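*Asks:* Turn this into a model:
(2 chains)
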Amino acid sequence: EAQVTQNPRYLITVTGKKLTVTCSQNMNHEYMSWYRQDPGLGLRQIYYSMNVEVTDKGDVPEGYKVSRKEKRNFPLILESPSPNQTSLYFCASSSTGVIAKNIQYFGAGTRLSVL
Amino acid sequence: ELKVEQNPLFLSMQEGKNYTIYCNYSTTSDRLYWYRQDPGKSLESLFVLLSNGAVKQEGRLMASLDTKARLSTLHITAAVHDLSATYFCAGRPNSGYALNFGKGTSLLVTP
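*Replies:* Predicted structure coming up:
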C-alpha cells in the first residue's frame, strides 16, 4: 500500500530536549516536505527536498533541521525545541513527473507538545 | 511567493443547500489543489486543476480554475452531513514544487 509514514504520532517533550520525527514514503517520490499546522493559520511549509541531498527552506524553517540521505526518508529534527513549536506536523511526498500531477500525499501527522 | 486566500473561513450550511468556497491566489500558477481534512485526520487530495478553465467533479463537489482571474472555486451541491470537514486549497507557483496553502474553510453541514 502506498503511504507516507510518520513517527511518532504523538510526542510530549520538554524545552531544549532534542527530538527527531521520522518520515518515510514507499512511492519512490522525489519530492518530500514538512508542514506545520496551527489553528487559524492553515499549513505552513517548514522545509522541502527535491531529491537526495537536496533540501531547501520553506516559509517557517527557524528552529528546525532536515536531512535527506535516502530517497525514502526525510526526518525532521528539532535541536532545541521550544513551546512555540507545539503544533501538528505533517510530512508529505510527491512525484515530480508531469504525469503524476505533483499531487502531494500526506502522512497521518505528528502532534507535538513542548512543555 | 504565491499567497492563497480562501473565503469563507467558516461555513455552516443546511443539508440540501448549495454553496461555493472561493480561493484567490496572488501570482501566476498553473496548478491548484483542493484537499479535505476531517477532524484529527490527515489531508486527502480531492482535485487537481492544471489549466485555465479546468473543471473537476466528484459527487456533490465541483472544482474549477480561472487562471486569468487567479481564482478557484469549490462548489457544493445539495450538501449532506458527510461533507462536514475542513477544505484547503493550495497553489503551486509555476517555478518550484512547494505548495502554499490557504487557511482552510471549516464546513459544517447541519440537518
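
*Asks:* For chain B, just list every one of the strands.
*Replies:* Counting by DSSP state E, chain B has these strands, from start to end: B:4-7, B:10-14, B:19-25, B:29-37, B:43-49, B:55-58, B:61-66, B:71-76, B:85-93, B:100-101, B:105-110.

*Asks:* Endpoints of stretch A:39-57, how far apart?
*Replies:* One end of stretch A:39-57 to the other measures 22 Å (CA to CA, to the nearest Å).

*Asks:* Please point out which parts of it sit buried.
*Replies:* Judged by neighbour count using 16 or more other CB atoms under 10 Å in any protein chain shown, the buried positions of stretch A:39-57 are A:Gly42, A:Leu43, A:Arg44, A:Gln45, A:Ile46, A:Tyr47, A:Tyr48, A:Ser49, A:Met50, A:Thr55. The C-beta positions use only the backbone N, C-alpha and C, and glycine is treated the same way.

*Asks:* can you list the weak-confidence ranges in chain A?
*Replies:* Across chain A, the stretches falling below the confidence threshold (pLDDT under 70) are A:98-100.

*Asks:* Between strand B:43-49 and the lengthiest strand in it, find me the angle.
*Replies:* In chain A, with assignment by DSSP E, the single longest strand is strand A:42-51. Relative orientation of strand A:42-51 versus strand B:43-49 (axes from the mean of the first three to the mean of the last three CA atoms, to 10 degrees): 80 degrees.

*Asks:* check whether strand A:42-51 contacts chain B.
*Replies:* Yes: for a cut-off given as CB under 8 Å from any CB of the partner chain, strand A:42-51 has contacts with chain B, namely A:Gly42, A:Leu43, A:Arg44, A:Gln45, A:Tyr48, A:Met50.

*Asks:* so the fifth one makes contact with B:Ala98?
*Replies:* Yes: with contact taken as CB atoms under 8 Å, A:Tyr48 and B:Ala98 are classed as touching, separated by 5.8 Å.

*Asks:* tell me, what's touching the two both at once?
*Replies:* Counting by CB atoms under 8 Å, 6 or more residues apart in numbering or on different chains, the residues touching both A:Tyr48 and B:Ala98 are A:Ser33, A:Gly58.

*Asks:* ok so, going back, ok, the buried residues of stretch A:39-57 vs A:Ile12, which is closest?
*Replies:* Nearest to A:Ile12 among these: A:Ile46, at 19.9 Å, using CB to CB.

*Asks:* show me the residues around the residue lying closest to that closest one once chain neighbours are set aside that make contact.
*Replies:* Nearest residue to A:Ile46, sequence neighbours excluded (CB to CB, 6 or more residues apart in numbering or on different chains): A:Trp34, at 4.3 Å. The neighbours of A:Trp34, taking CB under 8 Å, 6+ apart as the test, are A:23, A:45-48, A:58, A:64, A:66, A:74, A:76, A:89-92.

*Asks:* The most centrally placed residue in chain A and A:Tyr64, how far apart?
*Replies:* When CA atoms, centre = their mean is applied to chain A, the residue found nearest the centroid is A:Trp34 (2.8 Å). Taking CB to CB, to the nearest Å as the measure, A:Trp34 falls 7 Å from A:Tyr64.
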